[in-house]
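>>> any chance you can model this:
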Amino acid sequence: MTIRPVLRALLLLLAAATALPGPAAGGPQPQAAFRRGVGVHSMLNWAQVEPADRTRYRSAPFDGPAYDLPDALIANVREAGFDFVRLTVDPGPFLQLSGAPREALDAKLLGTVRRFLGAGLAVLVNLHANSQVPRYDAVNWLHATDTPVFREYLAFVERTARLLAGLNSPAVAFEPINEPPYGYDAASVKRWQAMAEGLHAAVRRGAPDMLVVLTGARGGNRHGLLSLDPTPFRGSRVRYSFHYYEPYTFTHQGVASKEPSAALWRYVSDLPYPSASMPAAFVLETVRANVESEPGLDPLTRQRTVSAARAFVSAALAEGFDRRRIEAAFDEVAAWAARHGVDKRQILLGEFGACRTYGRYRAADPISREAWLRDVREEAERRGFAWSVWELSGYGGMALVSEDGASTLDRPSLRALGLYGP
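The predicted structure is shown next:
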């Protein structure tokens, strides 16, 4: 009998995924603590699209060397002392593709999870939408419970929960959405509550006992969590996530953003933490030099940009950001947990990170960045929160690897995280 090429490829992929060692196979056994994690954003995200139609994903959207991690890097993550990875998954291809390519995506996900389990790392699978294909950008569909895409998303969440539950591992957890760009007013906060309950219910239909990570709205920040009512989730095996990148001028310095409110980030570097730890004149001179080195600016635009960037940085320094601000923010989260009878060990600081200067990136100085990472991590641990740092590898300047493409980890970052590895 002749097997069509796509079906043949699917069968081979399923066989390979099934053959991958699970947590019971030889090698280190992952624990289910989920206390110290790192985001993995390069394996199942930013999928390949069709060149002739940028609204369509390729039938094998995550194939190729750009979507793999070396075994040596995964081993170094475990040896450094991390106990889990937060594996981001772009839901777009899963929602759009059908037939054999869609089945192959499930096999790809299972194979990736098994690979980490086999290396002794627990896995938090996080559905992490992006803006690549507008129909699947959460900004465009995450605004009501009755939109067709949201209903499709709930069905996908249930299917994925059932798939992961089939691994029969307590070292697998599921986070059904990342940073919902929603909930900045009272009405949408109320609607987000209904959405969160719907997502939780979808997970439970597919996986009655799996650990579920839930988030508030407002981009998943602490204010979003503070507006979430956890009452409907009592008795369920859940954790509650919030992300922390404050102050953004510090954590995102050097980032080239298209957002008007962040247009000046690209000119900021060596912004200190704590804010008062470096003379303002030195920082302002660095900003001026960064603008002056920008090619393609006419004299008038350059002059105006220098003035705007210096004013932007002066305002950031005037905030006087230091560890006390981190303490106050985390105290708010701890108080929310106490009000609602939530064990503080159920709180997950799901993302935190800051851009650093290395390779092609011009961002925070190493002393300030290490101090910020250490203070955030220690304040989280002091309250019993688990944490996951952003991110292991990738582009943008927050990577934990020593250099882009390397298998070794940045030692100052590990030191700040209280970890010691190869």
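
>>> can I see the domain layout of the chain?
Listed domain ranges for the chain are 25-246+322-416, 261-318 (source: automatic domain parsing).

>>> most tightly packed of these?
The highest average neighbour count among the domains of the chain, using mean count of other Cβ atoms under 10 Å, belongs to domain 25-246+322-416 at a mean of 19. Any C-beta I mention is one placed from the backbone N, CA and C, and that applies to glycine too.

>>> returning to that earlier point: of all the domains of the chain, which one is nearest Gln253?
Taking Cβ to Cβ as the criterion, Gln253 comes closest to domain 261-318 out of those, the separation being 4.0 Å.

>>> relative to Val255, which of the domains of the chain is closest?
Sorting those by Cβ to Cβ, the top spot, which is the nearest, belongs to domain 261-318 at 4.7 Å.

>>> ok, Phe82 to Arg374 distance?
If you measure Phe82 against Arg374 using Cβ to Cβ, to the nearest Å, the figure is 16 Å.

>>> no no, Ala75
Summarising the geometry, the distance separating Ala75 from Arg374, computed by Cβ to Cβ, is 25 Å.

>>> now swap in Gly37 and tell me
Gly37 sits 17 Å away from Arg374 when distances are taken as Cβ to Cβ.

>>> now do the contacts for Asn140.
Applying Cβ atoms under 8 Å, 6 or more residues apart in numbering to Asn140 gives the contacts Pro134.

>>> and it, what element?
Using DSSP states H and E, Asn140 sits in helix 138-141.

>>> can you name the element that comes right after that helix?
The helix or strand immediately downstream of helix 138-141 is helix 148-165, counting by DSSP H and E.

>>> ok now whichever helix or strand comes after that following helix, how far from the chain's centre?
Sequence order places strand 172-175 as the next helix or strand after helix 148-165, per DSSP H and E. Strand 172-175 has its C-alpha centroid displaced from the chain centroid by 13 Å (Cα atoms, centre = their mean, to the nearest Å).

>>> how about strand 172-175 as CSV, C-alpha atoms only?
The C-alpha atoms that make up strand 172-175 are tabulated as CSV, following Å, rounded to 0.1, in the frame of the first residue of the first chain:
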residue,chain,number,x,y,z
VAL,A,172,4.2,18.5,33.8
ALA,A,173,2.0,21.6,34.3
PHE,A,174,-0.1,23.8,32.0
GLU,A,175,-0.5,27.6,31.7
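
>>> thinking again about what came up before, closest one to His252 among the domains of the chain?
For these, distance to His252 was read as Cβ to Cβ. The smallest value, 5.2 Å, belongs to domain 261-318.
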